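In: starting from these lines, generate the structure:
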Amino acid sequence: MSIPYALIAALILVESGGNNAAIGDNGKAHGCLQIRQAVLTDYRFLTGERITLEQCHDPLVSVAVCSAYLTHWTNPKFLGHEPTLEDAARIWNGGPAGWKKTSTHPYWLKVKAVLDAAH
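Out: Model prediction:
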């Protein structure tokens, strides 16, 4: 799945309201996309790039990390079906298995509301 920028923009609004300096979850989530260490660990494995949480305050870095992470995890082979925007948003919120966790459904509804408002 190619990750649409509209989805990433919606994730940014839901995660931080567009605040590149945001630090959440008791210091564990950084930048406009509230990136955590587990995402960076996957990103390093996928790309070989060593990005720090502090570097995630740069929106270009955050978007690159998010795009690579979601591109990797939102694929038909992994999911067993064609990926949707909902799958991608829920994976962003709940990790690779987030697409099937009931706890990520409210997050998707927030992202969907932002996407719907943009149209």
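In: next, count neighbours for residue 73.
Out: Residues lying near residue 73 (other Cβ atoms under 10 Å) number 22. Where you see a C-beta, it was placed from the backbone N, CA and C, and this is true even at glycine.
In: apologies, that question was intended for residue 92.
Out: Close neighbours of residue 92, defined as other Cβ under 10 Å, add up to 29.
In: and stretch 108-119, which residues are buried?
Out: For stretch 108-119, the neighbour count (16 or more other Cβ atoms under 10 Å) marks 108, 110-111, 114-115 as buried.
In: adding distance to residue 60 and pLDDT, write those out as TSV.
Out: TSV is the format used below for the buried residues of stretch 108-119 (distance: Cβ to Cβ, whole Å; pLDDT from 0 to 100):
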residue	distance to residue 60	pLDDT
108	26	98
110	24	98
111	21	98
114	21	98
115	22	97
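In: what residue ranges in the protein score low on pLDDT?
Out: Scanning the chain for pLDDT under 70 picks out no residues.
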